[in-house]
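what follows is a predicted protein model with its sequence.
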Amino acid sequence: MDEEGQKELEQLRLENKKLAREVKRLKKDNEFLQLANDQAARTQSYIQKDVNRQLFFNRQLLKTCPYLLILTDEKMDTVMASDVFFSYAPEYDKDKVKRGIPLKDALEHVLPADDLEKLVGLCQQVLEDGSVPPYLLRTTVDGEQVDWQVTIRQMYQDKAVRGLNILFIDMTEFVDAVERAEAADKAKGNFLANMSHEIRTPMNAINGMAEFILRDSKDGMAVRHATMIKSASGTLLSIINDILDFSKIESGKMEIINDSYQLSSLINDVATMIRIRLNDKAVTLVLDIDGDIPNALYGDEVRFKQVLINLMGNSVKFTHEGTILLRMRVKKEDERHARLFVEISDTGIGIKKEDLGKLFSTFTQVDTKRNRAVEGTGLGLAISKRIVEMMDGHIGVSSVYGEGTTFAFDIRNEVEDWTPIGSISDRLEEVHQEAFRVSFTAPNAKVLVVDDNEMNLDVATGILAPYQMQLTKAASGPEAMVEFLRGTFDIVFMDHMMPIMDGVETMQKIRQMPRGRNAIIIALTANALSGASTEYRTMGFQDFLAKPIVPQEMDKMLLKFLPSSLIVHDGGTADCGGMGVDAQAGRNADGSGQAAGPHPGGNVQAGGNVEEAAAGAAAESPTAGSSRYASQKVEIDTRLGLRYCLGDRNFYQKVLTNFSNSPDGRRLEELYRQENWQEYAVTVHALKSTSLTIGAVGLSDEAKALEYAARDNWIDFIREHHQTFLQKFNDTCTSIRLGDVKV
């Protein structure tokens with residue numbers, strides 16, 4: 001082979017090697033590409049699985065979502081919806097929703113036109129401006145009321161708005177529950193207001209008549225007894241207030257009302273109340289009061305006293321022998337404030353260590369097996385704790401089971417005078433209940449007192465009598481209007497709860513009279529709940545007086561509203577001159593001396609409430625002097641009737657006659673036929689009280705049941721019992737007219 005061929009062969013060898021290397025490289029690239037392809041396939045498979053998984057969960061979410069959910073694009077065309085949507089709009093399927101249905105069309109058969117228009121407008125607003133707060137939509141679907149909470153939110157992709165998320169949450173049951181709870185709360189408030197009125201009405205008589213005895217009696221023993229009656233009536237009111245206070249605490253309406261008070265007087269009141277309760281126990285009350293405590297304080301005396309009575313009353317319940325100790329100490333905080341530290345210790349049965357934490361819970365009584373015979377609602381300690389906290393203090397308890405218990409609390413009070421209280425025994429010798437003496441007279445003042453209850457009229461006019469004013473009484477709203485047309489009055493005291501025309505309506509009608517626009521009208525009410533002052537002023541009254549009427553408060557009210565030109569000061573206090581209920585307020589409109597004053601625990605006239613007193617009286621044995629008339633359908637306890645008529649047989653006979661001639665039976669039958677349940681309740685309410693006044697306890701109980709049924713619109717109960725009640729009422733009237741009821 002020549003040299004030329006040799007070179008060519010060498011060149012071919014080099015090319016071959018080069019090609020071999022290229023083939024090898026291509027094989028490696030091919031392997032890499034194969035690996036990459038396999039990896040891509042695996043990635044694609046994973047992605048597909050994830051997509052399928054996500055689609056599965058999306059489908060499950062839409063399927064199991066209990067709410068109506070719609071997703072739309074930025075044009076407000078549907079993208080997807082929960083299965084609930086299709087139950088409301090069965091004309092659509094999922095494919096149509098995915099392809100896109102205008103939101104307005106999608107909900108056309110779900111929402112009424114007005115509601116749908118509002119929703120579409122809000123959706124447009126969300127797309128443009130961001131978001132709107134969730135709102136409650138009350139609408140009708142398939143003839144049923146539905147409450148939806150509607151939430152509209154934007155959906156984003158790459159920081160751009162791509163559509164809307166519209167969620168309808170069915171709140172119907174929740175809203176119904178809230179409305180029922182609100183109705184129950186309102187009913188409870190009405191019950192408490194009515195209870196306050198019904199219980200405070202007889203308390204008005206007790207308190208007022210005790211005041212008259214203190215004012216008019218010269219018998220030292222009678223004065224001491226009247227003092228105890230007045231003190232005990234205050235205790236009873238505080239017990240009543242426990243129930244009312246618990247409601248106030250629940251609703252956040254508990255108030256601390258500060259005023260000037262004397263600590264020595266407070267301690268005297270509390271000690272008197274507790275000693276009365278210890279009367280039949282081998283227990284001694286010990287007072288250990290720091291003599292450096294200032295006597296003149298500014299705080300809520302009523303609440304402070306309430307805490308002391310609650311805690312010491314607790315000791316009375318569980319201490320059968322030994323002592324109850326009230327200890328008070330003071331710490332000066334600054335020039336105007338002092339902190340009182342109070343301890344109440346007893347030698348009672350004590351409390352187990354594991355029960356200490358339960359003490360301040362509501363409706364709780366610890367060691368119930370041991371204490372089942374002890375009365376109590378379990379509210380006193382819970383209320384006391386809240387009151388102490390509201391007075392910037394703390395309360396605690398320590399106890400040794402079987403040996404005794406100590407409650408300790410502190411409160412902050414403003415100090416009006418730093419003069420120390422000194423010896424508490426000396427102070428209590430000085431503190432005594434004196435009859436209230438009026439601070440002025442007003443012989444030219446004209447006053448109108450309006451109350452449907454004769455007893456309440458007697459109490460109010462008896463308190464006003466020492467002022468020597470020209471008093472006019474009215475027993476109803478219409479009668480008050482007539483009296484107002486006849487003359488001008490400087491001040492009007494108006495009872496709130498009266499039948500036919502209540503005090504508010506009467507006041508409003510008087511305001512429409514020529515002289516009534518600027519008339520001074522003060523509400524008299526037993527519904528002295530928190531916020532009553534503001535409420536009555538809002539109604540149109542200038543102010544209100546709570547029952548039982550406190551003479552000092554009446555005095556302040558008269559000074560506040562009577563023109564100064566009518567007030568006469570004698571350089572001292574006016575003498576009551578013995579003009580108590582017997583001399584003035586105890587007379588009827590005809591001027592006769594027939595007493596129509598307070599009865600033991602009850603009222604004569606309709607509108608009052610004497611069920612509690614009657615329950616006690618009815619529980620007494622009918623023998624041992626009780627004159628009880630009974631027949632198959634009629635039962636009258638004449639002894640009870642006489643008690644309500646002050647033992648005056650002539651007056652009782654007059655009351656019986658008036659009852660037997662009452663048109664209320666015919667009125668009740670007429671209202672029953674008319675199905676006028678509102679007036680039916682008012683009329684049967686009157687029969688409830690008048691029946692009890694004559695001693696017809698059973699008839700009164702049946703009237704009470706019908707009254708509550710009418711108030712609650714329980715018509716089936718009324719239809720079932722109306723005729724039986726009416727027959728019993730008519731039989732009672734007939735027996736009285738025939739003289740079968742012997743007085």
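Right, received. Where do you want to start? Numbers count the residues shown, from 1 in each chain.

who are the contact partners of the closest residue to D495 other than its chain neighbours?
Spatially, and ignoring its direct neighbours in sequence, D495 is nearest to D451 (4.0 Å; C-beta to C-beta, 6 or more residues apart in numbering). For glycine as for every other residue, the C-beta is placed from the backbone atoms N, C-alpha and C. Shown in contact with D451 (C-beta atoms under 8 Å, 6 or more residues apart in numbering): L457, A460, K473, A474, A475, D495, M498, L524.

H722 reaches R673, doesn't it?
No. Counting by C-beta atoms under 8 Å, H722 stays clear of R673, with 10.3 Å between them.

between those two, which is the more surrounded one?
For H722 and R673, the more surrounded residue by other C-beta atoms under 10 Å is H722, and the numbers stand at 19 against 8.

quick one: contacts for that one?
Contacts of H722 (C-beta under 8 Å, 6+ apart): L668, Y672, L706.

so how many other residues sit close to the second one?
For Y672, the count of nearby residues is 20 (other C-beta under 10 Å).

elements contacting the helix or strand hosting Q60?
Using DSSP states H and E, the element containing Q60 is helix 3-64. Packing partners of helix 3-64 (3 or more C-beta pairs under 8 Å, 6 or more residues apart in numbering; DSSP states H and E): strand 78-81.

for the strand it packs on, name the packing helices and strands.
Here strand 78-81 touches helix 3-64, strand 68-73, helix 94-99, helix 103-106, going by 3+ C-beta pairs under 8 Å, 6+ apart.

of all those, which one is nearest D185?
Ranking the helices and strands packed on strand 78-81 by their distance to D185 (criterion: C-beta to C-beta) puts strand 68-73 first, at 31.3 Å.

so how far is that closest one off the chain centroid?
On the basis of C-alpha atoms, centre = their mean, to the nearest Å, strand 68-73 sits 45 Å off its chain's mean C-alpha point.

got it, and stretch 443-458?
So, by C-alpha atoms, centre = their mean, the centroid of stretch 443-458 is 30 Å from its chain's centroid.

quick one: which of the contacts of H722 is nearest S399?
Using C-beta to C-beta, the contacts of H722 come closest to S399 at L706, 49.6 Å.

contact partners for the closest one?
Listed by C-beta under 8 Å, 6+ apart, the contact partners of L706 are Y680, V684, F717, I718, H721, H722, F725.

pLDDT wise, what is T64 at?
With respect to pLDDT, T64 scores 75.

distance of it relative to I166?
In this view, T64 and I166 are 18 Å apart by C-beta to C-beta, to the nearest Å.

okay, these two: which has more neighbours?
Of the pair T64 and I166, I166 is the one with more neighbours under other C-beta under 10 Å, namely 25 against 10.

what's the local residue count around L9?
Based on other C-beta under 10 Å, the number of other residues close to L9 is 11.

could you give the separation of the longest strand seen in the chain from the chain centroid?
Taking DSSP state E as the assignment, the strand of the chain that covers the most residues is strand 404-420. Taking C-alpha atoms, centre = their mean, one finds strand 404-420 lying 30 Å from the centre of the chain it belongs to.

TSV for the contacts of D451, including secondary structure, neighbour count and pLDDT?
TSV is the format used below for those (DSSP: H, G, I helix; E, B strand; the rest coil; neighbours: other C-beta atoms under 10 Å; pLDDT from 0 to 100):
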residue	secondary structure	neighbour count	pLDDT
L457	helix	24	77
A460	helix	27	74
K473	strand	20	93
A474	strand	24	92
A475	coil	20	90
D495	strand	28	87
M498	coil	24	82
L524	strand	22	86
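
make TSV from these and add distance to D701 to it.
Formatted as TSV, the contacts of D451 follow (distance: C-beta to C-beta, whole Å):
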residue	distance to D701
L457	27
A460	30
K473	31
A474	31
A475	26
D495	25
M498	23
L524	28
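
closest to L137 out of those residues?
Distance to L137, by C-beta to C-beta, is smallest for M498 among those, at 43.8 Å.

so who does that closest one touch?
M498 is in contact with V450, D451, D452, S476, G477, T506, G607, counting by C-beta under 8 Å, 6+ apart.

just how off-centre is stretch 334-354 within its chain?
For stretch 334-354, the gap between its own C-alpha mean and the chain's C-alpha mean amounts to 30 Å (C-alpha atoms, centre = their mean).

and what of stretch 398-408?
For stretch 398-408, the distance to the chain centre is 34 Å (C-alpha atoms, centre = their mean).

same check, this time on stretch 121-128
Computed by C-alpha atoms, centre = their mean, the separation of stretch 121-128 from the middle of its chain amounts to 43 Å.

can you pull the contacts of Q149?
Per C-beta under 8 Å, 6+ apart, neighbours of Q149: P134, Y135, L136, L137, F168, I169, M171.

and those residues, which of them are buried?
L137, F168, I169, M171 (16 or more other C-beta atoms under 10 Å).

residue contacts, the nearest residue to the second one once chain neighbours are set aside?
In other words, F168. The shortest distance from F168 to any non-neighbouring residue, by C-beta to C-beta, 6+ apart, is to L68 (3.8 Å). Residues in contact with L68 (C-beta under 8 Å, 6+ apart) are A81, S82, V84, F85, Y88, V110, W148, L167, F168, D170.

quick one: I267 is in a strand?
No. Counting by DSSP: H, G, I helix; E, B strand; the rest coil, one finds I267 to be helix, located in no strand.

mind putting the contacts of H722 in TSV, secondary structure included?
TSV is the format used below for the contacts of H722 (three-state DSSP):
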residue	secondary structure
L668	helix
Y672	helix
L706	helix
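
looking at these, spot the one nearest D158.
Using C-beta to C-beta, L706 comes nearest to D158 of those, at 72.9 Å.

the closest one and P663, how far apart?
With C-beta to C-beta as the criterion, L706 and P663 are 18 Å apart.

buried residues, the host helix or strand of F729. List them.
Following DSSP H and E, one finds F729 within helix 715-737. Neighbour-count burial for helix 715-737, counted by 16+ other C-beta under 10 Å, picks out I718, H722, F725, L726, K728, F729, N730, T732, C733, S735, I736.

how far away is the second one from L107?
Between H722 and L107 the computed distance is 51 Å (C-beta to C-beta).

and the contacts of stretch 104-114?
With C-beta under 8 Å, 6+ apart as the test, stretch 104-114 has contacts from 68, 70, 76, 78, 81, 85, 88-89, 91-92, 97, 116, 119-120, 137, 139-141.

which stretches in the stretch 601-743 of the chain count as strands?
In the stretch 601-743 of the chain, the strands defined using DSSP state E, counting those that start in this stretch lie at 628-630, 635-637.

lowest average pLDDT across the ones you listed?
strand 628-630 (a mean of 40).
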